[in-house]
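Student: No sequence on hand, only this structure:
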């Protein structure tokens, strides 16, 4: 289990968000390497298939192409992106061995219900693959806004104050907000 060292100003993480428009075959992923003190230190782009099964591999490819050993965590906007392209944070953690945090901003039907609804013909296989991603935790940030998260490779007691420190206003942590802006510019 890795720790997120809250005291380090230069702590670097990779924040990833997506964007697509109706009719697209692929979603554009944007990653931003950003320090804990909000200094931007790099960018990377990727793509994954709308309604596909390649989001996890796309994120691993983005991380690999950065070729950096100073990234201490990955924070991802959403766990189910690109019209039900599910991200396997356990696999990302197993490959990178750094903490992975997936955040979302509202109530949802949950992974099991989403799999049942959108993959009725392969429900059992998908549930076996993605149903072990852990419970989604609801937290309230210092801003008063709710945030929902799943994490791998780190503990909730470290993640909660960490996300509080990364969130300047509203419910979106600043690194994710920057990645979202960057992703939208590629559509």
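Tutor: Yep, it's here. Predicted model only: the values in this text are computed from it and were never measured. Residues are numbered from 1 along each chain as shown.
Student: which ones are touching residue 59?
Tutor: Contacts for residue 59 (C-beta atoms under 8 Å, 6 or more residues apart in numbering) come out as 16, 29, 46, 74, 76, 87, 92. For the C-beta atoms, the positions are set from N, CA and C on the backbone; glycine is no exception.
Student: give me every residue that touches residue 101.
Tutor: Residues in contact with residue 101 (C-beta under 8 Å, 6+ apart) are 73-76, 149-151, 154, 159, 163.
Student: 6 Å instead?
Tutor: With contact set as C-beta atoms under 6 Å, 6 or more residues apart in numbering, residue 101 has these partners: 75, 151, 159.
Student: Which strand residues bridge the nearest residue to residue 104 once chain neighbours are set aside?
Tutor: Taking C-beta to C-beta, 6 or more residues apart in numbering as the measure, residue 104 lies nearest to residue 148, with 4.6 Å between them; neighbours along the chain are not counted. With beta bridges defined as DSSP bridges, residue 148 has these partners: residue 104, residue 138.
Student: Tell me who's in contact with residue 148.
Tutor: By C-beta under 6 Å, 6+ apart, the neighbours of residue 148 are 104, 136, 138.
Student: now swap in residue 29 and tell me
Tutor: For residue 29, the contacting residues are 16, 18, 46, 58, by C-beta under 6 Å, 6+ apart.
Student: who wins for most neighbours among those residues?
Tutor: Of all these, the highest neighbour tally under other C-beta atoms under 10 Å goes to residue 16, namely 30 neighbours.
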